[in-house]
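1. Sharing a model that was predicted from the sequence below.
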Amino acid sequence: MSARLGDDIDDFCVKCKRVMNHAVVSLLGDEPAKVRCRTCHSDHDYRHEQAPPPKIDPRKAAAQAEKAAAAAAAAADPDAAPAEPSEKTAPKGRKKASVS
Ligand SMILES: [Zn+2]
């Protein structure tokens with residue numbers, strides 16, 4: 001089924017926050033690329049009637065990332081665990097010692 005410019009099409013309108021009647025204003029091949037809401041007249045990419053993912057508060061996301069980074073740093077804290085135990089407990093690490 002191919003769409004044509006000006007066709008009526010159902011799509012999710014971010015302004016109306018629901019699926020509304022839209023007019024196709026731009027095509028990409030046979031697929032609607034952009035549509036215009038018949039109710040609020042806003043143009044947007046055709047969303048295949050899918051609501052956009054919930055918006056993530058950038059400050060909240062940054063705080064969460066910071067928290068995660070702090071947790072990772074705490075996990076890798078050299079005071080909490082012996083520093084580089086692999087070097088001390090590797091008896092076979094003598095590759096450079098026997099160079100004459
Ligand atoms: Zn709308």
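-> Perfect, I can see it now.
2. Could you show which parts of the chain are in contact with the ion?
-> Contact residues (Cβ under 5 Å from the ion) of the chain with the ion: C13, K15, C16, C37, T39, C40. For the C-beta atoms, the positions are set from N, CA and C on the backbone; glycine is no exception.
3. Got a quick ChimeraX command for the buried subset of the residues you listed?
-> The following ChimeraX line selects those of these that are buried, judged by 16 or more other Cβ atoms under 10 Å:
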select :13,37
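4. and the residues of the chain next to the ion, which of them are in strands?
-> Those of the residues of the chain next to the ion mapping onto strands are C13, C37, per DSSP state E.
5. quick check: mean pLDDT across the longest strand seen in the chain?
-> Assignment by DSSP E gives strand 18-28 as the longest strand of the chain. On average, the pLDDT along strand 18-28 is 95.
6. what comes up buried for it?
-> Residues of strand 18-28 classed as buried: M20, H22, A23, V24, V25, L27 (neighbour count, 16+ other Cβ under 10 Å).
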